[in-house]
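Engineer: Need coordinates for the below:
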Amino acid sequence: MSDIHLDETMTTATNASPGELLHQQRERLNVPLTDAARALNLRPAVVEGLERDHYDEIPVAAYRRGYLRAYAKYLGMDERLVLEAYTSRFAAADTERKIAPVSVARPPSRVGAWLFKLVTLLVIVGLIGVTVMWWQSRGGSEPPSMGAAPTEEERS
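Structural biologist: The predicted model follows:
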């Protein structure tokens with residue numbers, strides 16, 4: 001009698017999607033979806049997507065398999081069973097979906113580099129000019145002498 005029950009379970013497991021397997025086990029254990037999401041450090045929408053076999057939230061196939069494996073372990077299931085169900089149903093879609101490469105920005109043009117250098121030089125020359133004008137406005141026609149005795153004009 002137990003052999004017949006085991007065979008029915010295996011047949012149901014092989015026909016079920018990975019999401020159905022996980023959902024059924026979570027329901028059997030009476031684990032709320034939010035608790036499972038918190039234990040897995042995932043958003044509830046991602047866990048719900050795993051149970052519904054909607055993998056739009058997880059574009060990288062390796063992450064999907066990892067999340068399915070972690071979820072199966074959390075629920076005390078055989079992770080191989082869930083991964084085999086995933087592979088049998090969604091392996092073809094994984095190979096077809098490609099990740100677009102990141103585009104590398106072009107280096108700045110030579111005109112832009114020269115313009116940047118010119119503006120920097122003009123700012124430095126402007127700061128030097130403002131400093132000289134300020135020094136002249138303070139009455140400093142000659143640089144201050146260091147350690148020299150004050151003149152008669154300065155003493156009065």
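Engineer: drop to CA atoms for contacts and neighbour counts, all remaining ones
Structural biologist: Fine.
Engineer: my read: residue 89 touches residue 16, true?
Structural biologist: No - the criterion here is C-alpha atoms under 8 Å, and residue 89 misses it with residue 16 at 9.6 Å.
Engineer: Spatially nearest residue to residue 39 (excluding sequence neighbours)?
Structural biologist: Once flanking residues are discounted, residue 39 sits nearest to residue 74: 8.0 Å by C-alpha to C-alpha, 6 or more residues apart in numbering.
Engineer: can you pull the contacts of the one you found?
Structural biologist: Listed by C-alpha atoms under 8 Å, 6 or more residues apart in numbering, the contact set of residue 74 reads 36, 39, 40.
Engineer: Residue 126 versus that one, what's the distance?
Structural biologist: 67 Å (C-alpha to C-alpha, to the nearest Å).
Engineer: Which residue ranges make up the domains of the protein?
Structural biologist: 11-96, 108-142 (automatic domain parsing).
Engineer: and these, which is most packed in?
Structural biologist: domain 11-96 (a mean of 16; mean count of other C-alpha atoms under 10 Å).
Engineer: And that one, how far out from the chain middle?
Structural biologist: 22 Å (C-alpha atoms, centre = their mean, to the nearest Å).
Engineer: which strands and helices sit next to the helix or strand containing residue 89?
Structural biologist: Secondary structure assignment for residue 89, by DSSP states H and E: helix 79-96. With contacts defined as 3 or more C-alpha pairs under 8 Å, 6 or more residues apart in numbering; DSSP states H and E, helix 79-96 has these neighbours: helix 2-15, helix 18-29, helix 61-74.
Engineer: what does it contact?
Structural biologist: Contacts of helix 79-96 (C-alpha under 8 Å, 6+ apart): 13-18, 21-22, 61, 65, 68-70, 72-73.
Engineer: make it 7 Å
Structural biologist: 14, 17, 18, 61, 65, 69, 72, 73 (C-alpha atoms under 7 Å, 6 or more residues apart in numbering).
Engineer: Now do that helix against helix 18-29, angle only.
Structural biologist: 150 degrees (axes from the mean of the first three to the mean of the last three C-alpha atoms, to 10 degrees).
Engineer: got the angle for helix 79-96 vs helix 61-74?
Structural biologist: Using the same axes, to 10 degrees, helix 79-96 lies at 170 degrees relative to helix 61-74.
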